[in-house]
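Chemist: Next one to model:
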Amino acid sequence: MSDPVLTVWAPDGVGEVREGDDLAALLLPLAGDDLRDGDVVVVTSKVVAKAEGRVRASTREAELPGETVRIVARRGATMIVRNRLGLTMAAAGIDASNVEAGKVVLLPLDPDRSARELRAAIAARTGRNVGVVVTDTAGRAWREGQTDIAIGAAGVLVAEDFSGRADEYGNPLVVTAPAVADELAGLAELATGKLGARPFAIVRGRADLVLPRGEDGTGAGALIRAEGGDFFGYGAREAVLRALTGDPADAVPFGTPVSAEELAEAIAAILHLPALPEGDGLVLSSLDRAQISVLRPLCFACGWEVTATTAKTRLGSGFAVGARLRPVSP
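Modeler: Below is the predicted model of the structure:
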């Protein structure tokens with residue numbers, strides 16, 4: 001790190017932000033003289049969205065379809081969705097707090113672009129090379145409560161890559177990649193607070209994360225896992241329902257196909273039948289109708305499909321068929 005001490009402060013006096021407001025013009029009279037090269041300016045998505053005209057006289061329920069790509073999970077009135085930015089959030093990040101009654105605020109159209117524009121405006125007016133992070137509040141799987149995360153960034157390294165390095169004991173760091181933009185967002189929220197009407201924070205002490213002039217970096221979008229790359233593409237209940245439905249459009253969030261060995265183990269555990277290798281697939285014999293009805297959603301959830309069934313053979317009072325299975329191309 002460039003400095004062993006981190007400093008964060010959130011200036012007072014911004015006031016209500018309206019459509020068309022110049023965010024740099026709001027910030028700089030309050031903090032401009034204190035800004036240094038290497039500082040990180042952190043701004044809430046709420047004021048970015050307000051300045052960009054993303055306030056609607058509407059409700060979350062009415063605006064949710066237009067901001068949603070797909071539903072991840074639903075529990076009572078709470079709906080977790082993957083929104084148009086690729087973020088997985090409650091109510092697609094639509095917010096009804098800190099806004100006039102009867103109105104909601106949508107997320108900025110392109111938070112990374114918003115960050116780039118603010119960074120450029122600060123550089124043009126002050127000559128300072130700062131990083132910019134746009135934040136929003138999100139819940140976390142397995143954890144109660146919420147914390148702020150980076151949904152937009154410019155001029156900031158959003159994640160450090162420690163892979164290939166070793167700790168002080170000589171252990172290799174294989175997949176250690178701190179999402180430092182999210183950590184900056186959480187730190188800044190401690191200073192801004194939820195009710196303090198302080199939408200900006202300045203973080204000092206990590207100039208090593210600020211990129212050179214003219215380099216905006218990957219943006220916070222680089223922190224979003226691609227569809228199918230998340231271990232939790234659906235909620236537990238929704239995953240079962242999607243697999244039973246078997247709509248090909250629902251397959252991507254289940255991820256890449258499992259290995260033939262893993263699928264064979266699942267079939268043995270659930271159907272108590274052997275699945276034998278055949279080329280790049282598997283073959284089963286003597287499945288009755290009930291077993292076939294279980295096999296199809298099992299294969300769907302594992303990224304495989306039943307490509308063919310063999311001729312019927314009599315089995316007691318009914319019939320049995322064989323089945324050939326193949327992985328679905330990702």
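Chemist: Pull the number of nearby residues for Pro257.
Modeler: A count of neighbours around Pro257, defined by other CB atoms under 10 Å, yields 19. Every residue, glycine included, has its C-beta placed from N, CA and C.
Chemist: Check the contact between it and Cys302; I expect there is one.
Modeler: Yes. Pro257 is within contact range of Cys302, at 6.6 Å (criterion: CB atoms under 8 Å).
Chemist: quick one: the helices in this structure?
Modeler: In the chain, helices defined by DSSP state H lie at 23-31, 45-51, 60-67, 111-126, 180-192, 236-245, 260-271, 289-301, listed in chain order.
Chemist: Show me what the second one is packed up against.
Modeler: Packing contacts for helix 45-51, counted by 3 or more CB pairs under 8 Å, 6 or more residues apart in numbering; DSSP states H and E, involve helix 23-31, strand 104-105, helix 111-126, strand 131-140, strand 143-154.
Chemist: swap in the longest one?
Modeler: The helices and strands touching helix 111-126, judged by 3+ CB pairs under 8 Å, 6+ apart, are helix 23-31, strand 40-44, helix 45-51, strand 131-140, strand 143-154.
Chemist: Can you tell me which of those is most buried?
Modeler: Using mean count of other CB atoms under 10 Å, the stretch among these with the largest mean neighbour count is strand 40-44, at a mean of 27.
Chemist: Direction included, what does that one pair against?
Modeler: strand 131-140 (parallel), strand 200-204 (antiparallel) (DSSP bridges).
Chemist: list the buried ones in the last one?
Modeler: Yep, that's strand 200-204 we're talking about. Phe200, Ala201, Ile202, Val203, Arg204 (16 or more other CB atoms under 10 Å).
Chemist: pLDDT on that strand, on average?
Modeler: The pLDDT scores in strand 200-204 average 97.
Chemist: The first one too?
Modeler: Regarding strand 131-140, the rounded mean pLDDT is 96.
Chemist: Now do it: distance to the chain's middle.
Modeler: Offset of strand 131-140 from its chain centre (CA atoms, centre = their mean, to the nearest Å): 11 Å.
Chemist: re earlier: could you redo the strands paired with strand 40-44 as JSON lines and give each row distance to Glu183?
Modeler: Formatted as JSON lines, these follow (distance: least, CB to CB, whole Å):
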{"stretch": "strand 131-140", "distance to Glu183": "10"}
{"stretch": "strand 200-204", "distance to Glu183": "10"}
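Chemist: doesn't Cys302 make contact with Glu262?
Modeler: Yes. Between Glu262 and Cys302 there is a contact under CB under 8 Å: 7.3 Å.
Chemist: Look at those two and report which has more neighbours.
Modeler: Per other CB under 10 Å, whichever of Glu262 and Cys302 has more neighbours is Cys302, with 21 against 11.
Chemist: Let me know the pLDDT of the more buried one.
Modeler: 96.
Chemist: tell me the contacts of it?
Modeler: Contact partners of Cys302, counting by CB atoms under 8 Å, 6 or more residues apart in numbering, are Phe254, Pro257, Val258, Glu262, Leu263, Ala266.
Chemist: List just the nearest of these to Asp22.
Modeler: Phe254 (45.3 Å; CB to CB).
Chemist: Just give me the neighbour total for that closest one.
Modeler: Phe254 has 19 neighbours, counted by other CB under 10 Å.
Chemist: So it versus Ser286, what's the distance?
Modeler: Applying CB to CB, to the nearest Å, the value for Phe254 to Ser286 is 28 Å.
Chemist: Tell me what the closest residue in space to Leu118 that isn't next to it in sequence is bridged to.
Modeler: Spatially, and ignoring its direct neighbours in sequence, Leu118 is nearest to Val132 (5.0 Å; CB to CB, 6 or more residues apart in numbering). Under DSSP bridges, the beta-bridge partners of Val132 are Val41, Ala154.
Chemist: Could you pull up the residues touching the closest residue to Thr44 other than its chain neighbours?
Modeler: Spatial nearest neighbour of Thr44, chain neighbours left out: Pro199 (4.6 Å); criterion: CB to CB, 6+ apart. Pro199 sits next to Val14, Val17, Val43, Thr44, Lys46, Val47, Thr192 when contact means CB under 8 Å, 6+ apart.
Chemist: One more pass at 6 Å, please.
Modeler: Going by CB atoms under 6 Å, 6 or more residues apart in numbering, Pro199 touches Val14, Val43, Thr44, Val47.
Chemist: can you check Val105 too?
Modeler: With contact set as CB under 6 Å, 6+ apart, Val105 has these partners: Lys46, Ala49, Arg54, Val55, Asp95, Val99.
Chemist: cool, and Pro257?
Modeler: Neighbour list for Pro257: Gly303, Trp304, Pro327 [criterion: CB under 6 Å, 6+ apart].
Chemist: try 7 Å this time
Modeler: Counting by CB atoms under 7 Å, 6 or more residues apart in numbering, Pro257 touches Cys302, Gly303, Trp304, Pro327, Val328, Pro330.
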